[in-house]
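# missing the sequence, but the structure's below:
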């Protein structure tokens with residue numbers, strides 16, 4: 001019996017290509033020392049591939065609260081970087097001018113995710129409102145709308161453990 005890979009549509013391949021391509025500008029910006037500027041909105045999260053064992057760098061929007069970093073996965077538990085964290089919670093984070101090792105934990109509690117989305121909407125109203133509108137929600141959604149949207153997401157909490165010197 002031969003196993004055939006499921007065919008992927010050309011539009012899905014194109015979408016994946018541009019998604020992967022979008023990872024390079026933030027990495028280049030951090031490499032050029034622009035982390036303090038870019039780091040106001042985007043961090044670089046390095047995980048270990050759950051199948052390959054290779055280091056994988058993903059640029060992500062984040063929030064910092066009570067000394068911890070929070071990132072939300074639009075693809076929920078299906079996001080590659082979330083699956084990597086489930087397999088190995090030890091991560092590296094580059095944010096602003098800092099680099100540190102951290103321990104990540106995946107959160108699927110809808111209400112905690114909704115709380116974080118509301119905090120993000122308060123801190124970054126234009127950007128988060130645009131994201132919510134692209135998902136079919138109003139720019140100023142009711143709590144029930146945010147909670148329903150959060151049901152399809154996953155969130156990761158990263159507790160810093162050790163700074164990495166340059």
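Yes, it's here. As the structure is a computational prediction, the values presented were derived from the model and not from experiment.
# so what's residue 8 scoring on pLDDT?
pLDDT recorded at residue 8 is 61.
# show me what the helix or strand that contains residue 99 is packed up against.
According to DSSP states H and E, residue 99 maps onto strand 98-107. When contacts are defined as 3 or more Cβ pairs under 8 Å, 6 or more residues apart in numbering; DSSP states H and E, strand 98-107 sits against helix 80-87, strand 90-95, strand 154-163. Where you see a C-beta, it was placed from the backbone N, CA and C, and this is true even at glycine.
# what's the offset of it from the middle of its chain?
The chain centroid and the centroid of strand 98-107 are separated by 12 Å under Cα atoms, centre = their mean, to the nearest Å.
# helices or strands up against the next helix or strand after it?
Following strand 98-107 in sequence order, the next helix or strand is helix 110-123 (DSSP H and E). Under the contact definition 3+ Cβ pairs under 8 Å, 6+ apart, helix 110-123 sits against strand 63-65, strand 68-73, helix 125-134, helix 143-150, strand 154-163.
# separation between the nearest residue to residue 112 once chain neighbours are set aside and residue 115?
Nearest residue to residue 112 in three dimensions, chain neighbours excluded: residue 155, at 6.8 Å (Cβ to Cβ, 6 or more residues apart in numbering). Using Cβ to Cβ, to the nearest Å, residue 155 is found at 10 Å from residue 115.
# who's more crowded, the two?
residue 155 (24 against 17; other Cβ atoms under 10 Å).
# my guess is that one contacts residue 107, does it?
Yes - contact criterion Cβ atoms under 8 Å: residue 155 and residue 107 qualify, at 4.4 Å.
# thank you kindly, that will do.
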